[in-house]
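In: got a predicted structure here, sequence first:
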Amino acid sequence: MSSHPEFSDEASRLTRIVSAIDTALERQKGTYFESGANNFTNRVLNTGLREDILHQLQEYGHEPYFARLDFEGERGKQQVYFGHADLCSLGQGTILDWRCDLYSLYLGGNARKQSYRVQATGKTHPVQLLLKRRFEIRSNALNDMADTVDYRALAQVSQPDLAAEADTTTQHPDVQTDEFLIRKLDQRGDPRLQDIVATIQADQDAIIRAPLEEALLLHGVAGSGKTSIAYHRLAYLMFTDHGYKLKPREILVIGPNRMFLGYVSDLLPSLGVGGIQQRTFADWAWASMKKADLPRDVQFVDSVEERLNDPRQGKLERDRYWQSARVRGSLRFRQVLEQYAQWLAANPPLPAQEHRSEVKLELPALPSPPAPQVEGEVPGAVSSPPYVFTASDAKELWSRIPADATLADRREQFFTLAGQHLSEFMQREYSQADHKKYLGEMLRQRTLLRNYLTRSWKPLDLLELYEDAFQAGRLTNFARGILSADEVSALRLTRPTRRVKRKGDQKEKRRDIRVDLSDLPGLVVLHDLLYGPSATRYRHLVLDEAQDFSPLQLQVLLSACPNRSVTIVGDTAQSIYAYRGIEQWDEFSALLSPEQLSKHLIQQNYRSTAPIVALGNAVQQAILGSQALESRAIQRHGVRPRMVALSSAEQQQLNLLAQIGELQAQGHPSIAVIVSRPSEVTEFSAFLERQGLEPLALTEDQEISTDALRGVVVLPAGLSKGLEFAAVIIPNADEAHYSRSSRHDGHLLYVALSRALHELRITTVGRFTTWLEQAQHQADLDYSHLQRPPIRWTGQTLRTELREARLRQVAFGEISGDLSLRVETLLREKQFDEVLEAYGHYGQLTAHTLNDVLLRLAEHDPALFVCRALDFHLPEALREQVEQVMQGLQNQGHPHFPNYQQRYLALMGLAPIPTPPSAPVQRPQTVTVPAKSDLRYFDLLSVRKYLGKGAAPLPRKIRKAYARYQTQMLPNVPEELRKLVELGIRYNLFNTETAEAARKAFIRTVKRLPEDI
């Protein structure tokens, strides 16, 4: 029991309120009673509590309020309590809904003089604080209470100086050391996303209470409560007191996957908000394309993820699909589709052949002007004229249709006009005396005409039209000036298909389709261009995990919300779908300018303990470097993460079983085994089932109840995003499953480890992935199961570690795996000199040769590449590359070029280069070298001057053949051209005469053509 002097008074008040609430709930259920237990209870019953509030009390009746505020304002002293619902007057004090304007006063500063603003009126009210009190209520009982500030004693004393002193010395509570908040967080473990009403902080409250018309971007670290803030903001905006008059049907919440939406499904109802549409983008987009008459049953697939998870797929294939998905999510792709839609509208498939149909009416034709009698014709006989519809008729009818209508509407209007054309003919040529026959023939003619028109112009098939846009010839035309050639090629080679799963009739095909998630934004755009946009409009959007939204997705959604009132929530450190999303928020700037979008950084982590946050920060730093948003941990201390390296897969499975047992014994209600790929889910869940456990195995996106997440869950990292578990175990945390060469894998690892509330365990067979290299000092490491612990490189160079290994008499072969990982990491981080230093002392250490390292350096820093290649005495295989780079440096006037040139000539055994002689004005047809000149002194520029304007390089293959047989072939070159040919081979520069001389000498020497080598 608390030692607070007013604890018993507050406990008594709580007892009375709980009793009154219980009675009200019983009455709601239809329980008969004559009167309440006392006048206080009767007052509660007579308030006529609304059904929605009673529903909330069923959820939170055990905690009717959580805070108290006393203040003195324009109406004198007031005392209010804050809870999940407005319970009107309950005797001693008033219980108000937390969404009311007054609650912002409770969350604000602690200085005595304060003010609060009423949203509906815009008026600000000055007040003096008297008391802020927190309650910890569990199971209808008051467990604890604490006062944040208490100025009631000061209010009794008329001492302005004392009050002023209190104003200046009172400090805002530090969220880092807020014992009440920390205690609440320590109690978490329920798998549901819980409301944060009782623990809302002032900065969170400011975001929640932002006006409806504002567009917000919440960039929050993992565990920052950004999703909770967005949902509480919805509850705030729908609160009737604020005057927004938002209806549930006017709000759309887009979540990352169905599993996440199931996880958060209870939150809005618990906040008193129901009926809001919560969907994935895929489900919403498919439903919004109603006009296209798409089948209801569809399977959404992710082609890029399938290839990323398939080790058999090569890098080229993965990169191609990655690039294609990025393009299909870009705003430029919308321009391509607009060009395509314009082309479709300008080239309708009107019938080109004539339609002729005999009219089967036995009635005589209507009287018409007499015509000259034809010889042999029976007087009085009238022939039935056929109905004819020509290509000219089709064009004429098409020209009548307004061009600003959608293509689908224009097609229907065209068919309607064609029907009118038939009706006019029938009315003009035939009598309707026998009305029944006339209507029957008219119906037959209409059917024939429609079939004829449909053969030329089938009903619009959105999926087929979208696929046709990717045809090679068409795509090139539509994308000209919009996409690069590489982007067009990537789109063409990844052309979408319906991917029908079984053969059958058209209905079966339409029922069994698979659609790539990357194609959905483009499909919606094309649908709106061809059919017109959906009529559904929203007044507010919530986009959760928005880093996985492409710019085109955002544009599609914003088009459904004309006032652009949107709450965008995300974390770029969790961009596991960057190929169909974004990597930086500025990719949205073309849609929402900085002036339109209010950005909020939320760095406070309310989910994980401080040790888990520290490890997560180290991984995030490895992924994003200087762009990482550091997570700030609440001072909620816990056990350090545990990292265990095992010697075999079997040992890892047994270790997993032991760790689950240990965590269950500690009372953790939810334990997640998070793997990198869906295929691993089956492996680990099957093992656990054989051991008598009953894990929930999740491999596909599916909506599940929050209760299902209790116990042991095995799931891939991609599906775990947004969820949280009391304890998390990450097996197979090695380079094969989380490759350092893939930022995508790094994001997956970060998502997995940031799901943990209280405990984090990471295991591997052998070595951990280098994504965890800098994070290992934040964990308790266990390498006792390995014969030799891996090398920890932190703080020492590769050469230093190798020298120490030599001193310990460790063979490099024993640490080859460590060396390979370290060299690859250094090359990726562009630490080329550290690798080259080690190679210079110890030779080739990994599969990367010295030349491989130097060529990687050339891509990063060409000048340094030349310098280091010269340091290593110019490897013969790199000579051509060095010469090409040197030529570029010379053209650029690089300051170090003279030094590099001098070193190059010295290595080639040549003397320093004097100023070359001027080229002769009249060059003879046969190029000869002046006797006084020595071509050893000539650099590339000098040789180019000697050879004249016609000098050009030979094909690389031929030049390599000459270089290979240079020693043997040069004696066969005429003496006057020998030096020029030698220099030509060196610099790959020939004119017609030297090229011919070299070719003849090569053939004479090798007896083969140079291109055949």
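Out: All right, it came through fine. Residues are numbered from 1 along each chain as shown.

In: when you work out contacts or count neighbours from here on, use the C-alpha atoms and nothing else.
Out: Fine.

In: what ranges of this structure fall below the confidence cut-off?
Out: Residues of the chain meeting the criterion pLDDT under 70: 1, 28-61, 88-93, 156-178, 189-192, 362-383, 498-512, 792-795, 814, 909-939.

In: got the end-to-end distance for stretch 800-820?
Out: 16 Å (CA to CA, to the nearest Å).

In: residues of that stretch that come out buried?
Out: Residues Glu801, Leu802, Arg803, Phe812, Ile815, Asp818, Leu819 are the ones in stretch 800-820 that count as buried (16 or more other CA atoms under 10 Å).

In: likewise for stretch 644-655?
Out: Neighbour-count burial for stretch 644-655 [16+ other CA under 10 Å]: Val644, Ala645, Leu646, Ser647, Gln652, Gln653, Asn655.

In: now that stretch - C-alpha only, CSV.
Out: The C-alpha coordinates for stretch 644-655 follow below in CSV (Å, rounded to 0.1, in the frame of the first residue of the first chain):
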residue,chain,number,x,y,z
VAL,A,644,25.6,-17.9,-28.7
ALA,A,645,27.7,-19.4,-31.5
LEU,A,646,27.1,-23.2,-32.0
SER,A,647,29.2,-25.7,-33.8
SER,A,648,26.4,-27.4,-35.8
ALA,A,649,22.8,-27.0,-36.9
GLU,A,650,21.7,-29.9,-34.6
GLN,A,651,23.4,-28.1,-31.6
GLN,A,652,21.6,-24.9,-32.5
GLN,A,653,18.2,-26.7,-32.5
LEU,A,654,18.9,-28.1,-29.1
ASN,A,655,20.0,-24.7,-27.8
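
In: distance between it and the chain's centre?
Out: 33 Å (CA atoms, centre = their mean, to the nearest Å).

In: what's that stretch in contact with?
Out: Residues from elsewhere that reach stretch 644-655 (CA atoms under 8 Å, 6 or more residues apart in numbering): 684, 687, 731, 761-768, 781-786.

In: could you pull out the helices for the stretch 851-1000 of the chain?
Out: Using DSSP state H, counting those that start in this stretch, the helices of the stretch 851-1000 of the chain run over 862-871, 879-892, 897-907, 940-947, 956-964, 966-969, 975-987, 992-1006.

In: could you dump those helices to TSV with mean neighbour count and distance to Val556?
Out: Putting the helices of the stretch 851-1000 of the chain into TSV (neighbours: other CA atoms under 10 Å; distance: least, CA to CA, whole Å) gives the following:
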stretch	mean neighbour count	distance to Val556
helix 862-871	20	44
helix 879-892	17	47
helix 897-907	16	53
helix 940-947	18	57
helix 956-964	17	50
helix 966-969	16	64
helix 975-987	20	56
helix 992-1006	18	60
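
In: residues in contact with Arg537?
Out: With CA under 8 Å, 6+ apart, Arg537 has these contacts: Glu250, Ala560, Cys561, Pro562.

In: now the two most distant members of those residues.
Out: Glu250 and Pro562 (11.6 Å; CA to CA).

In: show me the contacts of stretch 644-655 that map onto helices.
Out: The members of the contacts of stretch 644-655 that map onto helices under DSSP state H are Phe684, Phe687.

In: just the buried ones from the contacts of stretch 644-655?
Out: Counted by 16+ other CA under 10 Å, the contacts of stretch 644-655 give 684, 687, 731, 761-768, 781, 783, 786 as buried.

In: show me the contact partners of stretch 442-455.
Out: Residues contacting stretch 442-455 (CA under 8 Å, 6+ apart): Leu350, Pro351, His355, Ser357, Val359, Phe415, Ala418, Gly419, Leu422, Ser423, Met426.

In: mind giving me the PyMOL command for buried ones among those residues?
Out: For anyone working in PyMOL, the buried entries among those, judged by 16+ other CA under 10 Å, can be selected with:
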select buried, resi 350+351+355+359+415+418+419+422+426
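
In: kindly reformat the contacts of stretch 442-455 as CSV and extend each row with distance to Arg944.
Out: Shown next, in CSV, are the contacts of stretch 442-455 (distance: CA to CA, whole Å):
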residue, distance to Arg944
Leu350, 63
Pro351, 65
His355, 73
Ser357, 79
Val359, 85
Phe415, 72
Ala418, 74
Gly419, 77
Leu422, 80
Ser423, 82
Met426, 85
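
In: looking at the contacts of stretch 442-455, which are in strands?
Out: If you go by DSSP state E, the contacts of stretch 442-455 have His355, Ser357 in strands.

In: domain assignment for this protein?
Out: 7-173, 209-289+534-605, 303-346+462-521, 355-366+386-456, 610-790, 849-909, 915-1013 (automatic domain parsing).

In: and the ones you listed as TSV, adding distance to Glu837?
Out: Putting the domains of the chain into TSV (distance: least, CA to CA, whole Å) gives the following:
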stretch	distance to Glu837
domain 7-173	54
domain 209-289+534-605	34
domain 303-346+462-521	30
domain 355-366+386-456	67
domain 610-790	21
domain 849-909	10
domain 915-1013	29
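
In: Ala198: which of the ones you listed is closest?
Out: domain 7-173 (6.0 Å).

In: one step back: can you list the helices of the stretch 851-1000 of the chain in JSON lines and add distance to Glu179?
Out: Compiled in JSON lines, the helices of the stretch 851-1000 of the chain are given as follows (distance: least, CA to CA, whole Å):
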{"stretch": "helix 862-871", "distance to Glu179": "56"}
{"stretch": "helix 879-892", "distance to Glu179": "64"}
{"stretch": "helix 897-907", "distance to Glu179": "65"}
{"stretch": "helix 940-947", "distance to Glu179": "75"}
{"stretch": "helix 956-964", "distance to Glu179": "73"}
{"stretch": "helix 966-969", "distance to Glu179": "82"}
{"stretch": "helix 975-987", "distance to Glu179": "75"}
{"stretch": "helix 992-1006", "distance to Glu179": "85"}
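
In: and the ones you listed: which comes nearest Ser384?
Out: Across the helices of the stretch 851-1000 of the chain, closest to Ser384 is helix 956-964 (CA to CA), at 79.2 Å.

In: other SSEs contacting that closest one?
Out: helix 975-987 (3 or more CA pairs under 8 Å, 6 or more residues apart in numbering; DSSP states H and E).

In: ok, back up a step: how about the domains of the chain, which one is nearest Pro295?
Out: domain 303-346+462-521 (5.7 Å).

In: can you tell me what sits against the one helix or strand Ser104 maps to?
Out: Using DSSP states H and E, Ser104 falls within helix 103-107. Outside helix 103-107, the residues within contact range by CA under 8 Å, 6+ apart are Leu69, Phe82, Gln114, Ser115, Tyr116, Lys132, Ile200, Gln201, Ala202, Asp205.

In: now the phi/psi pair for the first one, please.
Out: Meaning Leu69. phi -130, psi 120 (degrees, to the nearest 10).

In: who's in contact with it?
Out: Gln79, Val80, Tyr81, Tyr106, Leu130, Leu131, Lys132, Arg133.

In: count of residues packed around the closest residue to Gly419 other than its chain neighbours?
Out: Nearest non-adjacent residue to Gly419, counting by CA to CA, 6 or more residues apart in numbering: Arg446, 6.6 Å away. Arg446: 17 surrounding residues under other CA atoms under 10 Å.

In: what helix or strand is Arg446 on?
Out: Going by DSSP H and E, Arg446 is part of helix 435-456.

In: so what touches stretch 70-78?
Out: Contacts of stretch 70-78 (CA under 8 Å, 6+ apart): Gln79, Val80, His125, Pro126, Val127, Gln128, Leu129, Leu130, Leu131, Lys132.

In: quick one: which of those residues is nearest Asp486?
Out: Of these, the one sitting nearest to Asp486 (CA to CA) turns out to be His125, at 62.1 Å.

In: surely that closest one is in a strand?
Out: Yes - when DSSP: H, G, I helix; E, B strand; the rest coil is applied, His125 is found to be in a strand.
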